[in-house]
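**Q** Kindly generate the corresponding structure for this input.
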Amino acid sequence: MRNPAVALAFLAALGYGFYNAIGHMQSDKPVAIPEASPGASPTAPRPIKENVVAYYTGDKAMQNAKTKGHSTLPRFHALIKAGTPGTYTVKFPLTQNGATEHIWMQLVGFSDGHFVGLLADEPVNGNQYKMGDRMTVAEADVEDWMIRDGGEVYGGYTVRQAFADMPKEQAEKYGITFRD
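**A** Here you go, the predicted structure:
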């Protein structure tokens, strides 16, 4: 049964192509959110597939991570201006079929307060969009940002939170070092 109080947060796209999409979902319906594990809080994060985790919309830690991601956009712009090497991505809410997921986009440009880029993962709430689609997102709608160069990541505050919510050994397998 789908919990309408759950939104999707994506771990995927620690850079475009970091993961291969795990099969394109052909459905035009939102993904079903699984029930909480036995003994877990009904608002606990729930894995959808390897690189997709559903979070309760009221999850304070994830909301704080999104707030930090958005509030540190000036740092992102400074790192871009400085020519920091790596893959540049931003995270934003994408709504289709009445459901919102939070997805990463690899940047190809920025102009007049808008980021332009390519979707860095397959959306799970329908088939209106697909990985690689060109999108334009207003800076005001950006929830997080990352610059990934190998195993080093600047930003990625929602990814940091998702890693904190998973078993330590699972998070360690990604070999990511976060920088500010």
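**Q** Which strand in the chain has the most residues?
**A** Using DSSP state E, we find that the single longest strand of the chain is strand 99-111.
**Q** Mind listing the strands the helix or strand that that one is followed by pairs with, and their directions?
**A** Under the assignment DSSP states H and E, the closest C-terminal helix or strand after strand 99-111 is strand 114-119. If you go by DSSP bridges, strand 114-119 pairs up with strand 99-111 (antiparallel), strand 134-138 (antiparallel).
**Q** model confidence over the last one, on average?
**A** Averaged across strand 134-138, the pLDDT comes to 98.
**Q** Contacts for that strand, please.
**A** Val90, Phe92, Met105, Val108, Gly113, His114, Phe115, Val116, Gly117, Leu118, Leu119, Tyr129 (Cβ atoms under 8 Å, 6 or more residues apart in numbering). No exception for glycine: its C-beta is placed from N, CA and C like everyone else's.
**Q** Show me the two of the residues you listed that sit farthest apart.
**A** Maximum pairwise distance in those, criterion Cβ to Cβ, is 21.9 Å, between Gly113 and Tyr129.
**Q** Just the mean pLDDT for stretch 60-71, thanks.
**A** 95.
**Q** just stretch 150-166 next, same as before
**A** Mean pLDDT, stretch 150-166: 92.
**Q** Could you tell me the end-to-end distance of it?
**A** 21 Å (Cα to Cα, to the nearest Å).
**Q** And for stretch 118-127?
**A** End to end - Cα to Cα - stretch 118-127 spans 16 Å.
**Q** which regions of this structure lie under the pLDDT threshold?
**A** 1-37, 39-56 (pLDDT under 70).
**Q** remind me, longest helix of the protein?
**A** helix 60-71 (DSSP state H).
**Q** Helices of the chain, start to end?
**A** 60-71, 73-81, 157-165, 168-172.
**Q** Pipe those into a markdown table and attach mean neighbour count per row.
**A** A markdown table is the format used below for the helices of the chain (neighbours: other Cβ atoms under 10 Å):
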| stretch | mean neighbour count |
| --- | --- |
| helix 60-71 | 17 |
| helix 73-81 | 14 |
| helix 157-165 | 21 |
| helix 168-172 | 11 |
